[in-house]
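# predicted model and sequence below, questions to follow.
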Amino acid sequence: MILERHPANPIITRDDVPDVPPEIVDATSVFNPGAVKVGDAYRLMLRVQTRGRRTHLLMATSRDGRNFEIEREPVRLRGIEAMGETVHHVYDPRLTMIGDTCYVVVAIDTDAGCRLGVARTDDFSTFEFLGAGEAPDVRNGVLFPEMFGGKFLRLDRPNATRLEDGVTSGDTIVLSESTDLVSWTPRAQVLRGRLHYWDERIGSGPPPVRTREGWLHVYHGIATHFASASIYQAGVVLLDLEDPGSVVARSRDNVLEPREPYELVGQVPNVVFPSGMIVEAFDADGCARPDSEVLVYYGAADTCVGLATTTIGKLLAACES
Ligand code: BMA
């Protein structure tokens, strides 16, 4: 088994979400968290949905990565009003530490489609919204944890396809670069979906992790060729350290798929959606150690949060398969 589910799964459910009136009362679901570990503190940014199908973000903190205390104050992205557009939902945050600053990339549903916005925080209580890119319809943005020649790099997924159920999706992951985190230029197409198999449509999961072998990246794949529902799974790919636009190795099979009742049944059935990943041990050069424990946080059926653990070595081995 590459990824082992935590015995206490799902580790966060709607019952754990505090009421924060008037915004959050009797939450419907909590899923797709971003994750970082700073010092000894594990931090999640949770996507919480209410009965009005409104979306809020809540921070949660833990000392062991398993038991989380959820804050009673929703995250506010200061300055998001400056977008000048009606913002319907801000969701699926991906968290990346660059130096001592935490950057948050969020999907933002507007009348003009889904855009990727970026915010930053130094204390996890005040979040400064930096802006949203011009690209009209793009999702699943993740920042690399370091800069390349003065530029930020991001993996993102253009929503080039509208599925029969009206959901927009895509089958490519693109490497983009920026100097200010707001204007992005596509640099390379990194990955394509594999028609007929587990990852026909794809999107980034958590941000990539530096290893000696390359950038290790967990992504989600969607099998769309089954009659009743799309199946969201997780897989892994290794990107070149110097040239992250090129693929070194890619898992043939998924490494996590919906199997447990809380993954098979819920707001959207058959979904595991990895969005946060914490690596416990790095070597002196800043590369994740092969024997390091890895915690993968994922949304289950768009309803609750699951945790699965593995090691860097096991994920690397999955890429080679
Ligand atoms: C994707 C996104 C995710 C969601 C997933 C499964 O398109 O909307 O937020 O978890 O679908 O419904």
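Sure, I can see it. Just so we're clear, the structure is a prediction, and the values are computed from it rather than from any experiment.
# skipping adjacent residues, who's closest to the residue in the chain that the ligand sits nearest to in space?
The shortest separation between the chain and the ligand is 3.9 Å, found at residue 268 (distances taken as CB to the nearest ligand atom). The way it works is simple: take the backbone N, C-alpha and C, and place the C-beta from them, glycine included. Nearest non-adjacent residue to residue 268, counting by CB to CB, 6 or more residues apart in numbering: residue 302, 4.0 Å away.
# could you do residue 299 as well?
Nearest one to residue 299, counting by CB to CB, 6+ apart, is residue 31 at 3.3 Å.
# how near is residue 230 to residue 88?
Between residue 230 and residue 88 the computed distance is 22 Å (CB to CB, to the nearest Å).
# which positions in the stretch 101-250 of the chain make contact with the ligand?
Within the stretch 101-250 of the chain, the positions near the ligand by CB under 6 Å from any ligand atom are 167, 232.
# one more time with 5 Å
Within the stretch 101-250 of the chain, no position is near the ligand by CB under 5 Å from any ligand atom.
# what about the stretch 101-250 of the chain, any weak spots by pLDDT?
136, 162-165 (pLDDT under 70).
# so between residue 230 and residue 88, which is more surrounded?
Applying other CB atoms under 10 Å to residue 230 and residue 88 shows that residue 230 carries more neighbours, namely 19 against 14.
# quick one: contacts for residue 177?
148, 151, 152, 153, 154, 184, 185, 187 (CB atoms under 8 Å, 6 or more residues apart in numbering).
# grab the nearest non-local neighbour of it.
residue 151 (4.6 Å).
# next one: residue 150
Closest residue to residue 150 apart from its sequence neighbours, by CB to CB, 6+ apart: residue 179 at 6.8 Å.
# doesn't residue 151 make contact with the one you found?
Yes: with contact defined as CB atoms under 8 Å, residue 179 reaches residue 151; the gap is 5.8 Å.
# more crowded one of those two?
More crowded of residue 179 and residue 151, by other CB under 10 Å: residue 151, with 15 against 12.
# just checking, the residue nearest to residue 268 is part of a strand?
No: Residue 302 is assigned coil when assessed by DSSP: H, G, I helix; E, B strand; the rest coil, not a strand.
# what's the neighbour count on it?
19.
# contacts only, for it.
By CB under 8 Å, 6+ apart, the neighbours of residue 302 are 29, 31, 32, 266, 267, 268, 271, 273.
# could you export the contacts of residue 177 as a markdown table, including secondary structure and distance to residue 260?
Converted to a markdown table, these look like this (DSSP: H, G, I helix; E, B strand; the rest coil; distance: CB to CB, whole Å):
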| residue | secondary structure | distance to residue 260 |
| --- | --- | --- |
| 148 | strand | 39 |
| 151 | strand | 41 |
| 152 | strand | 37 |
| 153 | strand | 35 |
| 154 | strand | 32 |
| 184 | coil | 37 |
| 185 | strand | 41 |
| 187 | strand | 38 |
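# kindly indicate the member of these with the most neighbours.
That'd be residue 154 among these, by other CB under 10 Å, with 28 neighbours.
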